[in-house]
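>>> Give the three-dimensional model of this entry:
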Amino acid sequence: MGNYAAARSLVLLNIRETAKISCVEWFLYGTSRQNPEDVPDHRCAVRITAESGIQGWADAPSWTMPDTATAGVIRSRLADRRVDSTGAVWRDLYEAGLPLGTLGAIDIALWDLFGRVMDKPVHALLGTQRQVIRAYITTPFNLGDPGRYAEYALACRQAGVHGCKIRPYFEPGTGTGRSPGIGFPDRDMAVYQAVREAVGPDFACMADHGGAYTFDEALRVGKLLDDLQYEWYESPMPETEPWRERYIALAGQLKTPICAPETLPDSYPSRIEWLISKACDIGRIDASLGGLTPCIELASACESLEARLELRDIGLDAYPHLQLMAATSESLIKYVEVSSLSCEPEIHPARTTPEPTLDDQGYVSIPQAPGMGLELDWDYIYAHRVH
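Now for the predicted structure:
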């Protein structure tokens, strides 16, 4: 981690020399559901076995499935590695140019294995600090008129969650080059104003955008958010390196913290550079960008730089996020993003563990089982395997 070593060191507890990796497997399987494009949905289960027979796993999106050559590289580099060598394995595979999604699934499975070998949840290996996290919820883009957004945010407040992130109006870019899209700053400002008036001054509101504003538009909207006392201002302009100087200028002129970059196609190193250069005030990452290890690295950097961190949504793949949140303070990671106000647990295909849900106080509890806290239905995975 270079100059950004964590204030708390990882607790490494008497791993025997025989606790080494013996096997790495991938299982592409169907969930019996349809994805948003109305085609059969597939997932990828990764399983890593130690010499002792203990196994760790991850359940990841289908696009993390490696091709034959990449799978061979991973197997050769993990063979006989100690199960507690998560950081060294991550750097080895990252430097080998492994796709971040594939690397992330391996990293999560290895952390899960480490926890199961130690018979502890991953957050205990990192140093547990809390057992519950405040939750907030995010609106869809283009939800409706300002009154509809205000009703949604008020319903969130009445349901007991601790904040609402507003995604206003946005038209995605098109074409091969994927232009940033089209923003509507005047309409967005009406939404932000209506939401604040509906929920009052003491409810956390966040502003999220698709990165389509010009600098002048982003500054104008940001000045209103300053007046409305929004918690943060997320991704207002394109998140590419040529735009970093404009982010630096924007952050320097606003009181509302800038949360970025979400879409930069790299793992934690580039995000640390954005924080160091003061292009953002709150870091942003998720486990799809290489797994739990880069989330830990960025959390450590944020701690050193006295910045905050946000991890993207709870979702199907956020068990690593909850483990890291449990090992951090609220001053570093304040909220977890949830996708629904429902408190009813749901069990997804190929899983036996219910998804973490809200309690009646608007908190999400941290899983306490060994590893990541996710159990898979291997009989289902075998029966629905895609060959």
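
>>> what about residue 387, neighbour count?
3 (other CB atoms under 10 Å). Every C-beta, even on glycine, is put in place using the N, C-alpha and C of the backbone.

>>> Residue 27 versus that one, what's the distance?
10 Å (CB to CB, to the nearest Å).

>>> just residue 349 next, same as before
For residue 349 relative to residue 27 (CB to CB), the value is 13 Å.

>>> Please say which of these two ends up with more neighbours.
Using other CB under 10 Å as the criterion, residue 349 and residue 27 rank with residue 27 on top: 20 against 15.

>>> how about that one, secondary structure?
strand (DSSP: H, G, I helix; E, B strand; the rest coil).

>>> Output the below-cut-off pLDDT ranges for the stretch 201-350 of the chain.
314 (pLDDT under 70).

>>> Return the residues in contact with residue 123.
By CB atoms under 8 Å, 6 or more residues apart in numbering, residue 123 lies in contact with 322, 323, 324, 326, 327, 366.

>>> Drop anything exposed from these.
322, 323, 324, 326, 327, 366 (16 or more other CB atoms under 10 Å).

>>> Can you pull the domain assignment for this protein?
21-119+377-383, 125-365 (automatic domain parsing).

>>> in the chain, which spans are strands?
Here the chain has its strands, by DSSP state E, at 21-34, 40-50, 55-61, 132-138, 163-166, 170-171, 182-183, 204-208, 233-234, 258-259, 282-285, 308-311, 335-338, 363-365.

>>> Using CSV, write down the CA coordinates of the first one.
It refers to strand 21-34. Output of strand 21-34 as CSV, limited to C-alpha atoms (Å, rounded to 0.1, in the frame of the first residue of the first chain):
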residue,chain,number,x,y,z
ILE,A,21,-4.5,-23.7,-2.4
SER,A,22,-4.9,-27.0,-4.2
CYS,A,23,-7.7,-26.3,-6.7
VAL,A,24,-9.5,-23.5,-8.5
GLU,A,25,-12.8,-24.1,-10.3
TRP,A,26,-15.4,-22.1,-12.2
PHE,A,27,-19.1,-23.0,-12.8
LEU,A,28,-21.2,-21.0,-15.3
TYR,A,29,-24.8,-21.7,-14.4
GLY,A,30,-28.3,-20.5,-15.3
THR,A,31,-30.5,-18.8,-12.6
SER,A,32,-33.8,-19.6,-14.3
ARG,A,33,-34.5,-15.9,-14.5
GLN,A,34,-34.4,-13.3,-17.4
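
>>> any idea where the helices of the stretch 251-387 of the chain begin and end?
268-276, 292-305, 319-326, 378-383 (DSSP state H, counting those that start in this stretch).

>>> Reformat those helices as JSON lines; add distance to residue 161.
Formatted as JSON lines, those follow (distance: least, CB to CB, whole Å):
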{"stretch": "helix 268-276", "distance to residue 161": "27"}
{"stretch": "helix 292-305", "distance to residue 161": "23"}
{"stretch": "helix 319-326", "distance to residue 161": "16"}
{"stretch": "helix 378-383", "distance to residue 161": "32"}
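
>>> any idea which of those is most buried?
helix 319-326 (a mean of 25; mean count of other CB atoms under 10 Å).

>>> For that one, which outside residues touch it?
With CB under 8 Å, 6+ apart as the test, helix 319-326 has contacts from 108, 111, 121-123, 126, 128-131, 133, 286-287, 291-292, 295-296, 299, 311-312, 314, 333, 336, 356, 364, 366-367, 372-374.

>>> which residue packs closest to residue 171, ignoring adjacent ones?
Spatially, and ignoring its direct neighbours in sequence, residue 171 is nearest to residue 182 (4.2 Å; CB to CB, 6 or more residues apart in numbering).
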